[in-house]
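Enquirer: Sequence plus predicted model, see below.
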Amino acid sequence: MELWEQIIQAYPEIKPTDNFNKLGIWLQDDSDGKGAYIKEWNYSKLLPEGLTLGKPLA
Amino acid sequence: MFFCQAESLWAESLAIVPGTIPIASIVADSSASTGLAWSAPTASGFVGCSLYNSASQSISNNTLTAVTYDSENFDTDSFHNTSSNTSRITIPSGKNGKYAINFVTNGDGGYSGFWETFIYKNGSSIMGAFTTPSLTSPYNFGAAPSFNGVFNLVATDYIEIYIRQTSGGSKNIYNNSGQGFLNATYLGA
C-alpha cells in the first residue's frame, strides 16, 4: 500500500483526489530508491500510527 | 561575419592565398618566435546540457516526486550523470554564473485534477508551484507542465524538478520520445 493510501486508510475523511498540500500534508519522493516519505505534517490530526515524519535513513 | 577583399601583394607578404578572407578568423599569435605567425581564435562554444528519459516515469498520487533523466541529448561539462542522482543538474567547477533552466514534460490527462511543478536547488524548493490542469473528457489530452527561469548558481549547486499530481492514483509523465526535457544553458558569469 502506498503512503498516500495509508493516510487515507487512517483518516477516511481525506479523499484520494483532495489536494493533500492544502490539508497540510506534504508527501515527497526524491527518486533515490528510498521511496515516499512525509516531509511535513500540519494536518488537524496526529500522524497516523506507524508512520513517521521525515525521510528514512536507510 | 565580416569580410575584406585582400590585395594580392599584401596577401603574398603574409603568405596568404589572395581572395576573400574572414577577418574574424585572423589574430596575431604573440608567442610565435618570428612574430609573423597567425592562428585562429579559440571558440568559446556552448556550455550546458539537455536531458531526457528513455521511458515514462510513474508519479504516485499526491506525492511530490523528483523527475529523473537517464539520457542526454548533450552535456558539455558533466553537468549530469545518467546512472546516479539522475534527477540532478550539478554546476561544475569554473562555471559559476547565470543559468537558463527550461523544463517541459507531457503528463497523463483525463482526470479532474492538476499537475504541479516545483524547481529545487540543493534539495529545497526555490520556486513553485506552477499548476497545469488535466483535461477531462471529451478531450483527455495530456497536460504540459513547464518551467523557464534564470538563476545564479555556483559550483556544486544542483537543480532538480519536482512534480505532483492529484488524480487519485498513479499517473505517468513522458520525457521520452521527444515529449519532454530538462535543459540548462550557461549564460555567463
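Expert: Everything's here; your move.

Enquirer: contacts, neighbours, all on C-alpha from now
Expert: Will do.

Enquirer: Residue numbers of chain B in contact with chain A?
Expert: B:61-68, B:85, B:87, B:113, B:166-169 (C-alpha under 8 Å from any C-alpha of the partner chain).

Enquirer: if you set the cut-off to 10 Å instead, what comes out?
Expert: Within chain B, the positions adjacent to chain A are B:59-68, B:84-87, B:111-114, B:123, B:160, B:162-169 by C-alpha under 10 Å from any C-alpha of the partner chain.

Enquirer: starting at the chain centroid, how far to stretch B:123-135?
Expert: In this view, stretch B:123-135 has its centroid 19 Å away from the chain centroid, taken as C-alpha atoms, centre = their mean, to the nearest Å.

Enquirer: Helix, strand, or coil at residue B:147?
Expert: Following DSSP: H, G, I helix; E, B strand; the rest coil, residue B:147 is assigned to strand.

Enquirer: okay, now it: neighbour count?
Expert: Residues near residue B:147, counting by other C-alpha atoms under 10 Å in any protein chain shown, number 19.

Enquirer: For chain A, see how far away it is.
Expert: Distance, residue B:147 to chain A, using C-alpha to the nearest C-alpha, to the nearest Å: 19 Å.

Enquirer: now swap in residue B:132 and tell me
Expert: As judged by C-alpha to the nearest C-alpha, residue B:132 and chain A stand 14 Å apart.

Enquirer: Dig out what that residue forms beta bridges with.
Expert: On the basis of DSSP bridges, residue B:132 is bridged to residue B:115.

Enquirer: shouldn't it be in contact with residue B:166?
Expert: No - counting by C-alpha atoms under 10 Å, residue B:166 is not a contact partner of residue B:132; they are 11.1 Å apart.

Enquirer: between the two, which one's more packed in?
Expert: Using other C-alpha under 10 Å as the criterion, residue B:132 and residue B:166 rank with residue B:166 on top: 25 against 17.

Enquirer: Now for the residue nearest to residue B:136 when sequence neighbours are not counted: which residues touch it?
Expert: Nearest residue to residue B:136, sequence neighbours excluded (C-alpha to C-alpha, 6 or more residues apart in numbering or on different chains): residue B:110, at 4.3 Å. Listed by C-alpha atoms under 10 Å, 6 or more residues apart in numbering or on different chains, the contact partners of residue B:110 are B:133, B:134, B:135, B:136, B:137, B:138, B:139, B:140, B:141, B:142, B:143, B:167.

Enquirer: Just give the nearest non-adjacent residue to the first one, would you?
Expert: In this case it means residue B:133. Going by C-alpha to C-alpha, 6+ apart, residue B:133 has residue B:114 as its nearest residue, at 4.2 Å.
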